[in-house]
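In: Sequence first, predicted coordinates after that:
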Amino acid sequence: QVQLVESGGGLVQAGDSLRLSCAASGLTFSAYRMAWFRQAPGKEREFVAGIGSGGNTYYADSVKGRFTISGDNAKNTRCLQMNNLKPEDTAVYYCAARGGVAIFTTRDAYNYWGQGTQVTVSS
């Protein structure tokens, strides 16, 4: 059974940093594309960043230059380093995965999801 578990969320001030982690069981991240999505209250879930099984990365314009996605295949985890956080980054952050190489930015491209971790950025 596949399980994705996010951690690292919290309440921070604008300009601070957070590091989110996604730990997987039941699948090997090195063979899967993985992405971070986020959903703010009253808004659609949106793509944030993705990493392909080959290590290639892709970012939403809103986080480019501030967020970095990375992977540790030995620990079977994927992380999202978030710097210079802004109040508009406040959302529940989800990790998602699906077998394959290429990165997709749409929700339906991923069939495994974590439960989410809350990130709140105060001004």
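Out: Yep, that arrived. Numbers count the residues shown, from 1 in each chain.

In: isn't Tyr58 right up against Ala102?
Out: No. With contacts counted by CB atoms under 8 Å, Tyr58 stays clear of Ala102, the gap being 9.4 Å. Where C-beta positions appear, they are placed from N, C-alpha and C, glycine not excepted.

In: which of these two has more neighbours?
Out: Tyr58 (17 against 12; other CB atoms under 10 Å).

In: Residues in a beta bridge with the more buried one, which ones?
Out: Gly50 (DSSP bridges).

In: now swap in the one 10 residues further on and tell me
Out: Note on Thr68: beta-bridge partners by DSSP bridges are Gln81.

In: which residues touch it?
Out: 49, 80-81, 83 (CB atoms under 8 Å, 6 or more residues apart in numbering).

In: From those, list just the buried residues.
Out: Buried members of the contacts of Thr68, scored by 16 or more other CB atoms under 10 Å, are 49, 80.

In: Closest one of the contacts of Thr68 to Gln1?
Out: Using CB to CB, Leu80 comes nearest to Gln1 of the contacts of Thr68, at 24.0 Å.

In: so which strand or helix has the nearest residue to the closest one once chain neighbours are set aside?
Out: Of all residues not flanking Leu80 in the chain, Leu20 sits nearest, at 4.3 Å (CB to CB, 6 or more residues apart in numbering). Assessed by DSSP states H and E, Leu20 sits inside strand 18-25.

In: How confident is the prediction for Asn73, by pLDDT?
Out: As predicted, Asn73 sits at a pLDDT of 88.

In: for the chain, which residue is closest to the average position?
Out: By CA atoms, centre = their mean, the chain has its centre lying nearest to Trp36, at 2.3 Å.

In: State the distance from that residue to Ser123.
Out: 23 Å (CB to CB, to the nearest Å).

In: For stretch 56-73, what is the spacing between the initial and final residues?
Out: Chord length of stretch 56-73, first to last residue, is 14 Å (CA to CA, to the nearest Å).

In: mind listing what's buried in that stretch?
Out: Quick answer for stretch 56-73 (16+ other CB under 10 Å): 58-60, 63, 67, 69, 71.

In: What of stretch 28-48?
Out: Buried-residue list, stretch 28-48, by 16+ other CB under 10 Å: 29, 32-38, 45, 47-48.
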